[in-house]
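Engineer: Sequence first, predicted model second:
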Amino acid sequence: MTRKKIIPLALASLILCAPAIAQDQVVRIGLSGPLSGANAFAGKDNENGVRLAIEELNAKKGAAVGGKRLRFELMSEDDQGDPKAGVIVAQKFADAGVRFVLGPYNSGVAIPASRVYNDAGIVMSTVGTNPKITESGYGAVFRIVASDTQVGSAVANYAARQLKLKNVGVIDDRTAFGQGIATEFKRQAKAAGMTIAAHEFTTDKATDFAAILTALKSKKVDAIFFGGYAPQAAPMARQMRQLGLNVRLLGGDTLCSPEMGKLGGDAVGSNVLCAQAGAMLEKQAAGPAFQARYKARFKQNPDVYAAPFYDQTMFIAQAIRSASSLDPSVVATAMHNMSHKGVVGNYAYDAKGNLKTSTVTIYTFKDGVPVPLASY
């Protein structure tokens, strides 16, 4: 007598569901950023923005291409804010079949990595602000914020017109970002009638700025522009106070972070001004809701670029649906020909991958937190 096999109900359900599961198309989104080291706070914030977008996309279960439902997955890699590590990360993504990458965060990483991404046919979306990033003619490279040209100019114009500054010293950390934004600040500052008293140099690992600050103090500067990052700018602000150099410290978007207040303590207040690409998040229609969702998910407030990383991830998903394709070149073409209404503004790109329009907001600090002053 042949004995019938009895399939447990739970197993039978799995078998019945197998075809539906097999229909899911996994789309890996890569995140390249400094997840360790002094700028890890920024890298994690960027990662959180992408993660939140992916979780919301998967929860909707609405995106499909070729009859297959899309399931987005995040693959994060630490590029350490280092160009060599960033190139290794880019190749790792290429080998893993990643088609879309958010990052790198640092311009110095984005410039060499962009070539790897281009050669591998991967869409790269960066907040690196050095103009060189989008000058290589790569059709799938996008800058999701304003460039150094716009940010540096905004700080210079505000310093000249609103603060009436006349004699300014400049310091840069010799990184691609620091040099780029310092150059743009100097160019616009001179055009606005200010005098550049001196241009000093440091590194993105330095902690002692006494010598260069003393040199600038002797030139009687009424402000210092620093092209660099918060982990250096915060101790610089403290040392300015210790030296009796009671002038404003100006900078770009990398200073517009609560990390600046955290590291600088009471030496960081209304004396610090910075310019950040993008509009005032809390004043955007979708801004407060985004801030609330972010805080509920990650138990902290979003930092500088969580919202743009979130927005660009959503834009990529929109372009995939519009093009009905996962081919990065097809999706990139779609992104060049359409726009996306995000949390912090509208995203539409020119032929080089720069935003067609981008707001820049000037911030100062109050109780250790960036407070917006004006948008341009």
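Structural biologist: Received it, and whenever you're ready, just let me know what you need. Just so it is clear, the model here is predicted, and its values are computed rather than measured.
Engineer: Contacts for whichever strand or helix holds Val89, please.
Structural biologist: Assigning secondary structure by DSSP states H and E places Val89 in helix 83-95. For helix 83-95, contacts defined as Cβ atoms under 8 Å, 6 or more residues apart in numbering pick out 30, 32, 75, 77-80, 101, 104, 106, 108-113, 116-117, 120, 122. Yep, even glycine has a C-beta here, placed from its N, CA and C like the rest.
Engineer: Could you rerun that using 7 Å?
Structural biologist: 30, 32, 77, 79, 101, 104, 108-109, 112-113, 116-117, 120, 122 (Cβ atoms under 7 Å, 6 or more residues apart in numbering).
Engineer: Please apply the same query to stretch 288-307.
Structural biologist: Contacts of stretch 288-307 (Cβ under 7 Å, 6+ apart): 41-42, 45-46, 48-49, 52, 127, 253, 256-258, 276, 281-282, 343-344.
Engineer: Show me which of those residues are buried.
Structural biologist: 41-42, 45-46, 48-49, 52, 127, 253, 256-258, 276, 281, 343-344 (16 or more other Cβ atoms under 10 Å).
Engineer: Give me the subset of those lying in strands.
Structural biologist: Gln276 (DSSP state E).
Engineer: Tell me the buried residues in the helix holding Val89?
Structural biologist: So for helix 83-95, counting by 16+ other Cβ under 10 Å, buried means Pro83, Ala85, Gly86, Val87, Ile88, Val89, Ala90, Phe93, Ala94.
Engineer: so what pLDDT did the second one get?
Structural biologist: So the one you mean is Ala85. At Ala85, the model reports a pLDDT of 98.
Engineer: and the two most separated of the contacts of helix 83-95?
Structural biologist: Gly108 and Ala120 (20.1 Å; Cβ to Cβ).
Engineer: Compare those two and say which one has the larger neighbour count.
Structural biologist: Gly108 (22 against 19; other Cβ atoms under 10 Å).
Engineer: wait, that one sits on Arg174?
Structural biologist: No. Using Cβ atoms under 7 Å, Gly108 is not in contact with Arg174; the gap is 9.5 Å.
Engineer: Assumed Val109 was part of a helix.
Structural biologist: Yes. Assessed with DSSP: H, G, I helix; E, B strand; the rest coil, Val109 lies in a helix.
Engineer: show me what contacts it?
Structural biologist: Asp79, Gly81, Asp82, Pro83, Gly86 are the contacts of Val109 under Cβ under 7 Å, 6+ apart.
Engineer: And the fourth one, how far from Ala286?
Structural biologist: Applying Cβ to Cβ, to the nearest Å, one obtains 35 Å for the distance of Pro83 from Ala286.
Engineer: can you map out the helices along the stretch 251-376 of the chain?
Structural biologist: Ranges of helices within the stretch 251-376 of the chain are 258-264, 287-298, 306-323, 328-336, based on DSSP state H, counting those that start in this stretch.
Engineer: Pick the most deeply packed of these.
Structural biologist: helix 306-323 (a mean of 24; mean count of other Cβ atoms under 10 Å).
Engineer: what's the distance between the strand ranked longest in the chain and the middle of its chain?
Structural biologist: In the chain, with assignment by DSSP E, the single longest strand is strand 68-78. Offset of strand 68-78 from its chain centre (Cα atoms, centre = their mean, to the nearest Å): 19 Å.
Engineer: Stretch 147-154 now?
Structural biologist: 15 Å.
Engineer: can you give me the mean pLDDT across that stretch?
Structural biologist: On average, stretch 147-154 scores 91.
Engineer: Give me the contact list for it.
Structural biologist: 129-131, 180-181, 184-185, 188, 252-253, 275, 277, 354, 358, 360, 362, 376.
Engineer: before we move on, what about stretch 256-263?
Structural biologist: Contacts for stretch 256-263 (Cβ under 7 Å, 6+ apart): 41, 230-231, 233-234, 268, 272, 274, 276, 303-304, 363, 365, 368-370.
Engineer: Just the CA trace of that stretch, in CSV.
Structural biologist: Extracted in CSV, the C-alpha atoms of stretch 256-263 (Å, rounded to 0.1, in the frame of the first residue of the first chain):
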residue,chain,number,x,y,z
CYS,A,256,26.3,74.0,9.3
SER,A,257,26.0,71.0,11.7
PRO,A,258,25.1,70.5,15.3
GLU,A,259,28.5,68.7,15.5
MET,A,260,30.0,72.2,15.2
GLY,A,261,28.3,73.3,18.4
LYS,A,262,28.9,70.0,20.1
LEU,A,263,32.7,70.2,19.5
